[in-house]
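This is a predicted model, with the sequence first.
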Amino acid sequence: MDYFKWIEENRDLQIKTLQDLVSINSVQSSPVTTSEGEVFPFGQGVQDAFACLLKKAEELGFRTKNIDNYGGHIEFGPEEEPPETVGVLGHLDVVPEGGGWTFDPYSGMIDDGFIYGRGTQDDKGPVVAVLFAMKALKDAGYVPSKRIRLILGLDEETGWKGMEYYFQREPKPDFGFTPDGEFPVINGEKGNVTYEIAKKLSKSQGGLTLRSLSGGSAANMAAERARAVVNAADPENYNQIKELAAAYREETGYRVQTRGVGKSLEITAQGRSAHGAAPQEGLSAISIIMEFLGRFNFAADEVNVFLDFYNRCIGFDHSGGSLGCGFSDEKSGMLTLNPGLIKADQEAVTLTVNLRYPVSFSEAQVYEEIRPFIDRYDMGIIKGRKYEPVYMDPGSPMIRALTEIYRDNTGDIYSRPMTAGANSYAKAAENIAAFGALFPGDEDRMHQKDERLSIDRFMEMTRIYADALYRLTQPDFSIDLRKDTTEDSTTDITEKEGTEA
C-alpha cells in the first residue's frame, strides 16, 4: 500500500491548503452573533479557519461534524460504533502575531523552502499534515479497523472551553496523539497555571506619577514590548529620566527608549518573544521596563511597593525561586515562570504570570509557596485556568509505539521521549501524547516572529502521521494488549528534559 507515493504526488495541494489556512487570522476575539442568530464563540477569524478546514475536508471526501461552532471533527473508517477510536487532537487558533516579521504573518509566503506565517508550526501545519495523511490512506484503499478522528480545537491558546464543550457532546477517543509537540514523543507535560496578581493604587499629588503601564500580548508568551507613561511636576525631571535611560542602555544592552507625549514622557522597552513554556529563550520587555522604573521614586508609595515586589520576586528569574516556588524533579526538570502581561492605570496594577510546574508537584503546592509573598506586599491573587500535569512512563505501550514509528520513518534511533513544559491537548483526554511535529534539532519559532515550516519537514511529518495512523488502526494493535519490550536494546527508551511543545 503506497500511501507515501500519494503524499508526494499531492505535495502542491497540501502546501496550498496550509497557505489558505494560514492566510486567515485566527487569533481569538470577541464572540460574534450573525444576523441569523448563529454564534461564533471565539470570534470571526477562528470561525473562518474552522469553516475553511471543514470545507476542504469534505472536498477530500471525509465526514465532518461541527459541534455548535465550539469545535468539531473530521473522520473516516467505520461509521457504526467501532471497538476503538484513534483520536488526533489539534487546534486552529493562534497566538497574536506580534511585530518585526520579515513577511506578512498571514501571507503563507514561501521563501527558501519554508512556508512563513502564524500557525505554520503551531498548529495549522501539523493539522494539515494529519489531514493529508488520512487522505493518503483513504485514497490508497486502506480500510481501518478503528475509526480515525481528527478533532479540531478552537481555543487551545486561551482557555480550552471549546474542547470541553466538544467532549460533553462527543465521546473521547480511546487513544491517539496531538501533533502539537516534538518528535519522537513527549511522555510528560508539566502542570500549567495562570495567576493574576493585583494591587490597588492611590492617586498622588505632585512628584513622579505613573499614568499607565502595559506590556505583553498573551500570558503564554514572553512579552516583546512594554510601555509606560509617566508625569512629573517639573518637566526638567524628564531630562534626568532620559539621561538615566541612556545610561541603562549602556549598562545592560537592553533597548529602552523615551519620548515626550504632550505633557508626559513615554518609556518603551523592547524584548524578544518566546513561548511561555520556555521564557528563558526570550527576553521579557516587562522585566526590562520594571527594572528601569524601579530606579525611580514615585509619588504613590503603592507603585514603589509593586515595583519592589516585581524586581525582588520575579525580575529575570524564570525558575520561580525568587517567588518561593522554585520546584524541580527528575522527571520533568525545573518550574518555569513567565510574566506574560501587565496593565496599570492610576487605580490598580495587574500582572499575569504563567507557571509550568514539574509533574511531581501540584498547583496547590505552588500556590501555598507564593501566597506569603503576595500577603507580604499586601496584594491580591486570582487563580486562572489550571491544567494538571500528565505523565506516561517512557516504557509504556503507547509511548513505545509512537517512538518506534518515528524511528522507523526517520532512522533516528538516538532521540528519546522527553518531558516538556508544554500545555497541549494531551491533557484533554486519556492515552493521548504529543507526537511531533517539531523535529529534533530544528528551530522552534512557535509563538515568535517569522514562524515558519520547512516544506521538506511538512512532507516528512505527513509520512510519519500516515504510518502512525496505519499502525495504530491495525486490528491487532491495542495499548492494553501490546507487549512491553523494555529490554529490547534496539528501542531503548529513556527520558530527557524537553522545553516546548
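Yep, it's here.

Now do the same contact list for V143.
Residues in contact with V143 (CB atoms under 8 Å, 6 or more residues apart in numbering) are G77. (Glycine included, C-beta is placed from N, CA and C.)

What does it show for phi and psi?
phi -120, psi 100 (degrees, to the nearest 10).

M221 now?
phi -130, psi 140.

quick one: it and G340 touch, right?
Yes. Judged on CB atoms under 8 Å, M221 makes contact with G340 at a distance of 5.9 Å.

and stretch 121-134, how far from the chain's centre?
In terms of CA atoms, centre = their mean, to the nearest Å, the centre of stretch 121-134 is found 16 Å from the chain centre.

I meant to write stretch 343-352 there.
25 Å.

Run through who's touching it.
194-201, 203, 209-216, 219, 286, 303, 306, 310, 314, 339-342, 384.

coming back round to it: M221 and G340: which is more packed in?
Higher neighbour count among M221 and G340: M221, with 26 against 23, using other CB atoms under 10 Å.

Report the contact partners of that one.
95-96, 98, 273-276, 338, 340, 447.

Can you give me the distance of it to G271?
10 Å (CB to CB, to the nearest Å).

same question, G294
16 Å.

got it, and D123?
For D123, the distance to G271 - CB to CB - is 24 Å.

One more: L453?
Distance, L453 to G271, by CB to CB: 25 Å.

Which one of these two is surrounded by more residues?
Higher neighbour count among L453 and G271: L453, with 29 against 22, using other CB under 10 Å.

For the closest residue to that one other than its chain neighbours, give me its contacts.
Spatial nearest neighbour of L453, excluding adjacent residues (CB to CB, 6 or more residues apart in numbering): T120 at 3.9 Å. Going by CB under 8 Å, 6+ apart, T120 touches 18, 22, 108, 451-453.

Name the SS class of T120, please.
Classification of T120 using DSSP: H, G, I helix; E, B strand; the rest coil returns coil.

Run the chain-centre distance for stretch 448-460.
Worked out by CA atoms, centre = their mean, stretch 448-460 lies 16 Å from the chain centre.

Endpoints of that stretch, how far apart?
23 Å (CA to CA, to the nearest Å).

Could you check that stretch and say which residues are buried?
448-455, 457-460 (16 or more other CB atoms under 10 Å).

Narrow these to those in strands?
452-454 (DSSP state E).

Bridged to E196, which residues?
T352, I382 (DSSP bridges).

now do Q270
Applying DSSP bridges, one finds that Q270 bridges with R225, R255.

Could you measure from it over to A285?
6 Å.

give the contact list for the most centrally placed residue in the chain.
Here the mean C-alpha position of the chain is nearest to the C-alpha of E157 (CA atoms, centre = their mean), at a distance of 5.7 Å. Residues near E157 by CB under 8 Å, 6+ apart: 28, 91, 93-95, 218, 220.

doesn't E430 make contact with G87?
No. Using CB under 8 Å as the test, G87 is too far from E430 to be in contact (10.3 Å).

overlap in contacts of these two?
By CB under 8 Å, 6+ apart, the residues touching both G87 and E430 are 172, 175.

which of the buried residues of stretch 448-460 has the weakest pLDDT?
Checking pLDDT across those, the minimum falls on Q448 at 90.

what are the phi and psi values for that residue?
Per degrees, to the nearest 10, the backbone of Q448 is at phi -120, psi 170.

and the closest residue to it other than its chain neighbours, how many residues sit next to it?
Nearest residue to Q448, sequence neighbours excluded (CB to CB, 6+ apart): S273, at 5.0 Å. Residue neighbour count, defined by other CB under 10 Å, stands at 27 for S273.

Pipe the contacts of T120 into CSV and attach distance to V366 per row.
Output for those, formatted as CSV (distance: CB to CB, whole Å):
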residue, distance to V366
L18, 38
V22, 36
G108, 40
E451, 30
R452, 35
L453, 34
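
Just give me the closest of those residues to L150.
L18 (14.7 Å; CB to CB).

which SSE is that closest one in?
Using DSSP states H and E, L18 sits in helix 11-22.

Who are the packing partners of that helix?
Contacts defined by 3 or more CB pairs under 8 Å, 6 or more residues apart in numbering; DSSP states H and E place helix 11-22 against helix 44-59, strand 114-116, helix 124-139, helix 455-472.

Give me the angle between the longest one and helix 11-22.
What it means is helix 455-472. 100 degrees (axes from the mean of the first three to the mean of the last three CA atoms, to 10 degrees).

The third one now?
Following the same axes, to 10 degrees, one obtains 140 degrees for the angle between helix 124-139 and helix 11-22.

Helices along this structure, start to end?
3-9, 11-22, 44-59, 124-139, 161-167, 236-252, 285-293, 301-313, 363-376, 397-410, 455-472 (DSSP state H).

With distance to P440 added, can I get those helices in CSV?
Below are the helices of the chain laid out as CSV (distance: least, CB to CB, whole Å):
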stretch, distance to P440
helix 3-9, 21
helix 11-22, 22
helix 44-59, 28
helix 124-139, 16
helix 161-167, 28
helix 236-252, 34
helix 285-293, 30
helix 301-313, 36
helix 363-376, 30
helix 397-410, 9
helix 455-472, 11
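
Of those helices, which is nearest E79?
Nearest to E79 among the helices of the chain is helix 124-139; the distance by CB to CB comes to 13.9 Å.

Does A233 touch S204 like I think?
No. The criterion here is CB under 8 Å, and A233 misses it with S204 at 10.1 Å.

More neighbours: which of the two?
A count of neighbours by other CB under 10 Å puts S204 above the other of A233 and S204, at 17 against 12.

Give me the distance between R407 and N231.
62 Å.

Just to check, R11 is in contact with M459?
Yes. Counting by CB under 8 Å, M459 is a contact partner of R11 at 6.3 Å.

What residues does G125 make contact with?
With the criterion set at CB under 8 Å, 6+ apart, G125 makes contact with 18, 115, 119, 437, 453, 458, 461.

Tell me the one among those nearest to P41.
Looking across the contacts of G125 and measuring by CB to CB, the closest to P41 is G119, at 19.3 Å.

Leaving out the residues flanking it, which one is nearest to the closest one?
G119's closest residue in space is V94 (CB to CB, 6+ apart), at 4.4 Å.

Surely the one you found is in contact with D122?
Yes. Between V94 and D122 a contact is recorded at 7.2 Å, counting by CB under 8 Å.

circling back to that earlier point, what residues are shared contacts of M221 and G340?
G276.

Any regions of the stretch 251-400 of the chain where pLDDT drops low?
Along the stretch 251-400 of the chain, no part satisfies pLDDT under 70.

So, low pLDDT: which residues of the stretch 1-150 of the chain?
1.

Distance from stretch 10-20 to the middle of the chain?
On CA atoms, centre = their mean, the centre of stretch 10-20 falls 24 Å from that of its chain.

farthest pair in the contacts of T120?
L18 and E451 (12.4 Å).
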